[in-house]
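Chemist: need the 3D shape of this:
(one chain, ligands or ions: 1)
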Amino acid sequence: MNESQVPWIHTPLPGPKAQALLEREKTWVSQNYVKDYQLVADKAEGMVVTDMDGNRFLDFAAGIAVCATGHCHPKVVEAIQSQAERLIHFCNIPFYYPKLVELAERLAPLAPGDSKKRVYFGNSGAEGIESALKLARLRTGRQKIVACFGGFHGRTVGALSLTASKSAQRMGYAPFLPEVHHTHFATCYRCPVGCDPESCEVECLELLEKTLFNTIAPPEEIAAIVVEPIQGEGGYAVPKREFLDRLTEIAREHGILLIADEIQSGFGRTGKMFASEHFGFEPDILVLAKGIASGMPISAVVASDELMQWRSGGHGSTFGGNPVSCAAALATLDLLEGGLVENAARVGDYLKGKLKELAEKHECIGQVRGLGLMIAVDLVKDRKTREPAVELRKKVLRAAFEKGLVLLGCGASCLRVAPPLIITEQDADIGVAILDGVLTDA
Ligand SMILES: Cc1ncc(COP(=O)(O)O)c(C=O)c1O
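Modeler: This next block holds a predicted model:
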């Protein structure tokens, strides 16, 4: 390795400057998350993150699937800078400003479905989910909400009431919102009802239709079903198309609204603008955040004119849709529409193919799945039992970091491969070669 290469690791990790910062962090910063390894980012550009000691890492995480256009894309930086010089904040509750309107005009027509849409802007994914829940309850006059096991929708109390991916996220915070019920998702690699995905008839939905509807959640009292078209935190689980088809039929039959949480799967990550498009899924409410503004905080809730009707003063957010984030989102959209969505599809296929080749070599890879650049490498103790290899995942994440590859986990034991959408085939090859070495050593 030499200095011009990426990755380039020239100190023990974390290096001395990072170590010193970690000491201060331990003293002063809320310790609410155990990290898999200690990467202290100083700066980043494109696919490369540089730590405080000058070590350079190849980024297969993009924050957590956020920096869609790569780090500090010059067009995004320029949009942020020029907006910051002009207008940083002017609250959207009592006032107006052009960037928010421009972004709504661009976003609304992109949402799946033919109806004319409107957009509500917030700051974060969880806030978008809260807004969608409020809208669904307001417009249906119903209270109950159904979400899926394995789903992650955020950590504010309303969103957390839906979240059911890891008990650690909920432990200690009860009681949650009443009238929230959970049903199965089509996590086909480990089918929750023991079916063979090749021949199943989405029996996983019987919990909703046969049990919940007939016992504690009559469908006429359900305002909305909230679903990630591809589960994120739950392990990048890609459902059978029939699952979302049947869910749609059920919802339409009973006047239940469908809320698609595309906070992680949206904005080009799966090789289409929204993951819903892969399945012909047309939710009533679409919730977006993460990749939308290349790292600037903003979320968007998109729904039809007919649905997006609040009582005057009935909802709002001081910072929601702030001008600088809107400018970053507009620049992000230009780049996505200018080729990055296609790149995600093309390099995503290439990368998934290479990871599948790794699976032929390493017994510990149970499955490689995903769409576009939303790929999971599911590590197992045994391919027959598919028992998650939790400790191995920890080891692999740490070892990859030491070799200069930034990876995160998702699900019980998956490696989450979610690089920026600017990734090239050459970047993919470098990442896969590192992973190959790490898996061989592990
Ligand atoms: C699918 C999904 N929904 C909601 C959220 C919550 O978003 P935020 O952390 O911005 O509140 C996340 C974040 O990981 C997510 O992946």
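
Chemist: Y120 should be in a helix, yeah?
Modeler: No - under the criterion used here (DSSP: H, G, I helix; E, B strand; the rest coil), Y120 is strand, not part of a helix.

Chemist: residue contacts, it?
Modeler: Taking Cβ atoms under 8 Å, 6 or more residues apart in numbering, we find Y120 in contact with 131, 135, 300-301, 303, 308, 315, 320. From N, CA and C alone the C-beta is placed, and that goes for glycine too.

Chemist: ok, G411 next?
Modeler: For G411, the contact set (Cβ under 8 Å, 6+ apart) comprises 150, 233-237, 376, 378, 388.

Chemist: could you do Q309 as well?
Modeler: R139.

Chemist: tell me where this protein has helices.
Modeler: 16-28, 62-65, 74-86, 98-107, 125-140, 157-162, 206, 241-254, 323-335, 341-361, 390-402, 425-441 (DSSP state H).

Chemist: surely T187 meets Y236?
Modeler: No - between T187 and Y236 there is no contact under Cβ atoms under 8 Å: 10.2 Å.

Chemist: with neighbour numbers in mind, choose between the two.
Modeler: Of the pair T187 and Y236, Y236 is the one with more neighbours under other Cβ atoms under 10 Å, namely 29 against 21.

Chemist: follow-up on the earlier one: any chance of JSON lines for the contacts of Y120, columns pLDDT?
Modeler: Putting the contacts of Y120 into JSON lines (pLDDT from 0 to 100) gives the following:
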{"residue": "S131", "pLDDT": "98"}
{"residue": "L135", "pLDDT": "98"}
{"residue": "A300", "pLDDT": "98"}
{"residue": "V301", "pLDDT": "98"}
{"residue": "A303", "pLDDT": "98"}
{"residue": "M308", "pLDDT": "98"}
{"residue": "H315", "pLDDT": "97"}
{"residue": "G320", "pLDDT": "97"}
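
Chemist: stretch 369-378 near the ligand anywhere?
Modeler: No - using Cβ under 6 Å from any ligand atom, stretch 369-378 stays clear of the ligand, with a minimum separation of 10.6 Å.

Chemist: end-to-end on that stretch?
Modeler: 8 Å (Cα to Cα, to the nearest Å).

Chemist: contacting residues around stretch 66-82?
Modeler: 43-49, 59, 62, 267-269, 290-296, 324, 327-328, 330-332, 334-336, 340, 420-422.

Chemist: roughly how far does the residue in the chain positioned nearest to the ligand sit from V66?
Modeler: Per Cβ to the nearest ligand atom, G125 is where the chain lies closest to the ligand, at 2.2 Å. Distance from G125 to V66, counting by Cβ to Cβ, to the nearest Å: 10 Å.

Chemist: so what sits against both of the two?
Modeler: K290.

Chemist: comparing the two, which shows the higher neighbour count?
Modeler: Shown here are G125 and V66; by other Cβ under 10 Å, G125 has more neighbours (27 against 23).
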